[in-house]
Structures are given as C-alpha cells and as structure tokens.
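Student: build me a model from this:
(one chain, ligands or ions: 1)
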Amino acid sequence: MSRSAHPAGPRHADVLPEGHYAAPPVDLNALDPKVWAQTVDRNADGVVTVGGVDVNALAAQVGTPAYVLDEEDFRARARAWRTAFGHDADVFYAGKAFLSRAVVRWLDEEGLNLDVCSGGELATALSAGLAADRIAFHGNNKTPAEIRRAVEAGVGRIVLDSFQEIVRVAHLARELGRRQRVQIRVTVGVEAHTHEFIATAHEDQKFGIPLADGQAAEAVRRALQLDSLELIGIHSHIGSQIFDMSGFEVAAHRVVGLLKDVRDEHGVELPEIDLGGGLGIAYTSGDDPREPHEIAKALTEIVTRECESAKLRTPRISVEPGRAIVGPTTFTLYEVGTVKALEGLRTYVSVDGGMSDNIRTALYDAEYSVALASRTSDAEPMLVRVVGKHCESGDIVVKDAFLPADLAPGDLIAVPATGAYCRSMASNYNHALRPPVVAVRDGEARVIVRRESEEDLLRLDVG
Ligand code: LLP
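Tutor: Predicted coordinates for the structure are as follows:
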C-alpha cells in the first residue's frame, strides 16, 4: 500500500509515522460494502445499523466490546457456497473460524457440512444436533479419546494426518466394531502466497503426509490394508487468506496424480478429493476476494481436466471454507476510552478490548479497517492507531487508519471483517472477559455466545 498524506492534511501531516496506510477515504462516514456485512448501513441519524438494529441500541443491550454478526449475511454466504458447488460436491464449513450451536443450526438448515478439529468443536456440533455423518474430523494430533468419541459418534470422515494416526484410528475402529471412513491429508509442496504461520502445504511443516518423497503413497498402501478403515479419498489444504488460485491448481494436479498412482498400483479409484479451505476475504478496501461461484468453477474445471488427462473418473469434490463464510459477517463494536495525541508521532485511540478479542493484528500483522459507528462526523480525517487495554505495546487492533478528528471518549467504533479467527482465538489475557457474539436479524439482536463473567473466570480457579 502507498504512503501518502491527505491533501486536507491529517493531524501531524508533516511527520507521518512509519506504517502502511493508504490516503484517507474521501468520505470517512461511508461504509464500503466490500468489508462490511450485507445489511450494514447508516440510519437517518447517521448511526450504523445491522439487521435493522442500530449500534447504540446494541451497546445498550449487550455492552461493549461485542462481536456483532449479521445472520442474514452468514446464511447468504453459506448458501452461495452451497449453490456454487451444487449437488456433486460437498461444502464443509471450517468450524475453527467460529463455531457455536446457533452457527451449527444455520449450517444444517442451509445444507452445509462441518469440519471440526478438536473434541470441543465436535461436542459443540453434536450438542446442536448435527448428524454425525455430516462431520469431518481434522487435526494433526487427535488424542485417542477424541478419536474414540468421533468413531463412536459415527463421524462421516476422519482426516488422517500421520502414520501413527492411521494405526490409531484403525485400532480404535476395530475395537468399536466399526469401519471408519477416512481421508489422508497430504502436503502437496505448494508455497501459498500468505503469511508464513497460515501457509500449510509447503513441505517443512507439521500438517499432512508429504507427497513428493513417496510417504503419501505409502500411507495409502497401509490404509488400504486395514479392514477397519474405508479410505474414501485424499485431502489437501494449502493455507489461509489466499487470493491466488494457482496454488489450488497445483494442489489439484498433484492430488489427482496420487489418485492415478493409487489406481495404477492398487486398481482402486478413490472416490473423493478435498481441496480444503483458505479463500481470502476483504479486510480493507484494497482486497479483492473471489466469489464462491468463480472458485467452484475454477476448482471443478481443474479437477475434471486433470482427471480426464489421467483417465480417471472425476471424484466428488469437497471444500472447507471457514473465513470466507463467517469472516465478513461480523464487526467488533468497541467504545473509545481515550484519545492520546503524541505530537510528531501518532494518535492512539484506546478501546475497551484489544488483543484478547482480536489477536490477528499482533500475530499476523493483519490489516483491518475501522469506522466511527455511533454517529457521523464532518471533521477532518485523523491518522490513528487503534489499540486495546492490555499491558503490552503490541496490543494493536488496527495499525493505521483514519477516523474523524473530533473522535472522543464514549464514541463507538466498529472494526469490520472480524467474524473469523477472532472470537475463536480470543483469550483471557489480563483476565479479560471474552466478549459476546450477538446475532442480528430482522430488527432483533440475539446473544448466541454470552459475555464471560468474573464468575466464569473464578469458577476455573480452584486453588
Ligand atoms: N480446512 C483445514 C484443514 C484447515 O486447517 C483450515 C484452516 C480450513 C479448512 C479453513 O481455512 P479458511 O477457509 O478459514 O481460511 N488463525 C488464522 C487462520 C488459521 C487457519 C487454520 N486452518 C488466521 O486468523 O488467519
């Protein structure tokens, strides 16, 4: 992004601090539909509304900070993925992005399946009544207890991530008298263009079984020999927040190559391939994500073409979008506590949350946008850093953004695109109470995950 000052001059325009920021938007009150959920707007008084409820009313009802989720938007995105992939493919929502019982019920109603990666996620899905055969169970080190629970529940598939796990799952399934459907997760050796911590298909990392050195073929060999396993396919997940489809193309090419080798060696055509999740969303106006129908078309074409040239029947495709469904549905609503102008340096806006409700800025250097939500303002743009209330200078929510210069304590500001990996990665650092998730729809706000209380914190403290 470019480094440029606004012609009108943000505060301290002569000495802009180090950072990555674009020029301030022409209209600071505008809400770019790219980064805000579908029903977000401003009412006649200039207050931001979502699902027909204004943020002042929301703050009065549930307090701040709060994650505010547009239910209509969630359902629309889930449906768009489902429709785009049609009946010959399956969409598994990746629960790690954000999971709650309400979310599970929406997915169920919209015809999506669910990917879980821990006993806790599995318990949430089962307690919401999702049929176990619509659940895929992931993870690079599932405990024997988790595997047992998943097999007993009858999950639709377990995605095997190591040689030890092949044996572990086979053994437990045999003990329980089951034949468990499994996929093998392979690392295809793709360098996905994303942050190092969220790229997962290059070889030097903990997930999957490498394809290149023949280990994946060996894993297939072993799984096929075990009666208590039904090997249904191969899985690949190349990373997260990816915009460029070429990584998926290479992954599909290599996975189909393995299917071909399996056919040649064992005379078996594995019926499914899973290409994982990872599709990027817009966090700022500069991001240009792909639509689900474009992604579905591209992936289906790649797999079909690769299978035709390998003379294989085209397998059933599945995908696992998490961020792309829930990310854009939610904004975090904060109250401004202090505005501190450091002459010649920058202006810090402190809010009543921070790295405990959004660790992504500190962890991945993620970029976010922000808007004054409780009112509009005609004041000039002021370059700010939005920070939290934690005891750490790295406690940054939005690194560089423009807010109106008359911003004051008590104003509500909203950070969009916080639906994925914010509540799910939230912590109790400094004994912060994790914020609620409020689903808004048709003029009604419903708390779907309540705010943590001091009693919740103290209940665990049994010393
Ligand atoms: N499938 C598998 C096997 C995965 O590991 C993941 C994400 C997904 C699907 C969903 O990926 P998505 O569509 O949401 O990108 N905490 C990081 C992201 C970690 C992603 C972990 N795996 C972040 O905040 O960016």
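Student: helices or strands up against the lengthiest helix in the chain?
Tutor: Identified as the longest helix of the chain according to DSSP state H is helix 246-266. Where contact means 3 or more C-beta pairs under 8 Å, 6 or more residues apart in numbering; DSSP states H and E, helix 246-266 is packed against strand 180-187, helix 215-225, strand 229-235, strand 272-274, helix 292-310. C-beta here means a position set from N, CA and C on the backbone, and glycine is covered the same way.
Student: how about low-confidence regions in the stretch 151-300 of the chain?
Tutor: Flagging of the stretch 151-300 of the chain using pLDDT under 70 yields the residue ranges 192-201.
Student: now it against the ligand: closest residue?
Tutor: residue 277 (2.7 Å; C-beta to the nearest ligand atom).
Student: contacts only, for the residue nearest to residue 268 when sequence neighbours are not counted.
Tutor: Excluding the flanking residues, the one nearest residue 268 by C-beta to C-beta, 6 or more residues apart in numbering is residue 262, at 5.9 Å. Applying C-beta atoms under 8 Å, 6 or more residues apart in numbering, one finds that residue 262 lies in contact with 217, 220, 268-270.
Student: what about the residue of the stretch 51-200 of the chain found nearest the ligand, neighbour count?
Tutor: Closest contact between the stretch 51-200 of the chain and the ligand, by C-beta to the nearest ligand atom, is at residue 94 (3.4 Å). For residue 94, the neighbour count with other C-beta atoms under 10 Å is 28.
Student: torsion angles phi and psi at residue 54?
Tutor: Phi and psi for residue 54, reported as degrees, to the nearest 10, are phi -90, psi 160.
Student: cool, and the one 5 residues further on?
Tutor: Here the main-chain torsion angles of residue 59 (degrees, to the nearest 10) amount to phi -60, psi -40.
Student: check what pLDDT the closest residue to it other than its chain neighbours gets.
Tutor: Excluding the flanking residues, the one nearest residue 59 by C-beta to C-beta, 6+ apart is residue 412, at 5.8 Å. Listed pLDDT for residue 412 reads 99.
Student: what is residue 412 paired to in the beta sheet?
Tutor: residue 335 (DSSP bridges).
Student: my guess is it meets residue 64, correct?
Tutor: Yes - the criterion here is C-beta atoms under 8 Å, and residue 412 meets it with residue 64 at 6.7 Å.
Student: hang on, residue 447 is in a strand, isn't it?
Tutor: Yes - counting by DSSP: H, G, I helix; E, B strand; the rest coil, residue 447 falls inside a strand.
Student: number of residues surrounding it?
Tutor: Neighbours around residue 447, by other C-beta under 10 Å: 14.
Student: now swap in residue 225 and tell me
Tutor: 12.
Student: what does residue 311 give?
Tutor: 8.
Student: check residue 264 too.
Tutor: Neighbour tally, residue 264, other C-beta under 10 Å: 10.
Student: domain assignment for the protein?
Tutor: Taking automatic domain parsing as the domain assignment, the record places the domains of the chain at 13-70+328-460, 138-321.
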